[in-house]
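[1] Need a 3D model of the following:
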Amino acid sequence: MAFLAEVSGWLGAVAVLAGYLLFSMGRIQNGRLFQTANLAGSVAMIVNGAYHGAWPSVATNVAWCAIAATALVRLRQLRRTDPARGEAPGLDGDELLPVPGPAQLEPAVIADDDQAQEPRRRDA
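    I've put the predicted structure just below:
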């Protein structure tokens with residue numbers, strides 16, 4: 001049983017971290033894949049934490065699991081109420097609204113105090 005608990009914990013950590021990495025790098029959206037990785041990873045880490053008696057970790061992962069499960073249910077409801085979402089270009093029908101993710105940074109434009117009528121770029 002100890003071996004299964006250890007493998008479960010490591011696989012759970014890999015699932016959660018891989019999902020977070022892919023999401024943070026903009027490779028996946030906040031959708032089914034991301035939430036399923038969070039759900040599976042948190043369940044696996046619950047098994048590991050319970051085996052080792054790490055109850056704060058178990059409580060955190062129960063909350064993590066509940067959040068991911070709620071998001072997956074919400075995705076399913078969105079698909080049922082708006083079947084056209086899967087047909088929109090660039091959407092696979094499994095993104096949550098709004099879709100948080102890595103910020104797309106654009107150069108900031110600031111006004112020059114001496115020449116308020118002519119904005120200049122910050123990096124200039």
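[2] Going by C-alpha atoms from here, please, whenever you check contacts or count neighbours.
    OK.
[3] Hmm, Gln29 and Phe23 touching each other?
    Yes - taking Cα atoms under 8 Å as the definition, Phe23 is a contact partner of Gln29 at 6.1 Å.
[4] Can you pull out the low-pLDDT segments for this protein?
    Scanning the chain for pLDDT under 70 picks out 83-124.
[5] which residue ranges form the strands in it?
    With DSSP state E as the criterion, the chain has strands at 109-111, 119-121.
[6] Could you list the residues in contact with stretch 32-41?
    Applying Cα atoms under 8 Å, 6 or more residues apart in numbering, the external contacts of stretch 32-41 come out as 11-16, 18-20, 23, 28, 64-66, 68-69, 71-72, 75, 94-95.
[7] and the longest helix for this protein?
    Identified as the longest helix of the chain according to DSSP state H is helix 55-81.
[8] Buried residues in it, which are they?
    Within helix 55-81, the residues that count as buried by 16 or more other Cα atoms under 10 Å are 57-58, 61-62, 64-66, 68-69, 71-72, 75, 78-79.
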